[in-house]
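*Asks:* Any chance you could fold what I've pasted below:
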Amino acid sequence: IDDATEGAGGDLYRQARTARRELSNDFDNNYRVAKLLDTKGNYADRAVALDDVFKHVVLDGSLEEMRTVTKLLKKGGTEGRQAYAELQGQTIQHLKDQLTKNSSGQLSFAKLKTSIDALDREGKLDYMFGKTGRDSLMDLKATVQDALVKDPRAVNYSNTGNVVLRGLDALAAIRFPGASTDAE
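*Replies:* Purely as a prediction, here's the structure:
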């Protein structure tokens with residue numbers, strides 16, 4: 001029907017169709033938010049694990065997908081806003097994990113840089129954390145690059161690695177609720 005009546009009826013008709021589309025989106029979006037935030041049966045676990053949402057939206061999805069899902073979460077009341085804050089926290093935790101994910105036990109700037117650059121290239125850092133948060137993460141990346149010892153045989157007497165990890169923990173705790181501050 002929409003295709004058959006496209007362009008018919010004048011301005012008033014087009015305004016009514018636009019209003020109907022927006023109303024439909026609101027109802028569809030409410031269903032999607034409910035599906036994201038619902039729990040399984042009588043359990044406290046979510047029907048859709050936040051890890052799955054994080055991987056699909058933040059790591060693998062496009063910026064448009066991220067905007068759609070986060071807009072839905074922000075409209076989802078207190079639980080939705082909390083879920084969005086947890087996605088932000090999970091992003092910070094992911095970056096921290098990339099920094100510490102190294103079989104030799106040393107900090108890995110390369111993995112942190114790859115992760116930050118991928119999120120930044122797609123505009124996700126700016127969207128999730130705003131310009132200030134994005135700039136803080138870029139400054140942290142530059143600091144880590146400067147602070148890490150290049151020669152793996154050198155000894156880190158200044159304890160720089162622990163300082164960097166404490167900085168990530170502080171960033172997660174202060175600005176982005178939901179990030180784990182436990183050292184893993």
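*Asks:* where do the helices sit along this structure?
*Replies:* 10-37, 50-53, 63-75, 77-100, 109-121, 124-147, 160-175 (DSSP state H).
*Asks:* Next, format these as TSV and append distance to residue 4, mean neighbour count and mean pLDDT.
*Replies:* Using the backbone N, CA and C atoms, a C-beta is placed for each residue, glycine as well. Below are those laid out as TSV (distance: least, CB to CB, whole Å; neighbours: other CB atoms under 10 Å; pLDDT from 0 to 100):
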stretch	distance to residue 4	mean neighbour count	mean pLDDT
helix 10-37	12	12	65
helix 50-53	38	14	74
helix 63-75	28	16	84
helix 77-100	37	19	87
helix 109-121	43	16	91
helix 124-147	38	16	89
helix 160-175	51	16	65
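*Asks:* shouldn't residue 124 be in contact with residue 67?
*Replies:* No. With contact defined as CB atoms under 8 Å, residue 124 does not count as touching residue 67 (9.6 Å).
*Asks:* Quick check: closest non-adjacent residue to residue 108.
*Replies:* Closest residue to residue 108 apart from its sequence neighbours, by CB to CB, 6 or more residues apart in numbering: residue 102 at 4.2 Å.
*Asks:* To clarify, my last question referred to residue 95.
*Replies:* residue 115 (5.7 Å).
*Asks:* Surely that neighbour and residue 96 touch.
*Replies:* No. Contact criterion CB under 8 Å: residue 115 and residue 96 do not qualify, at 10.0 Å.
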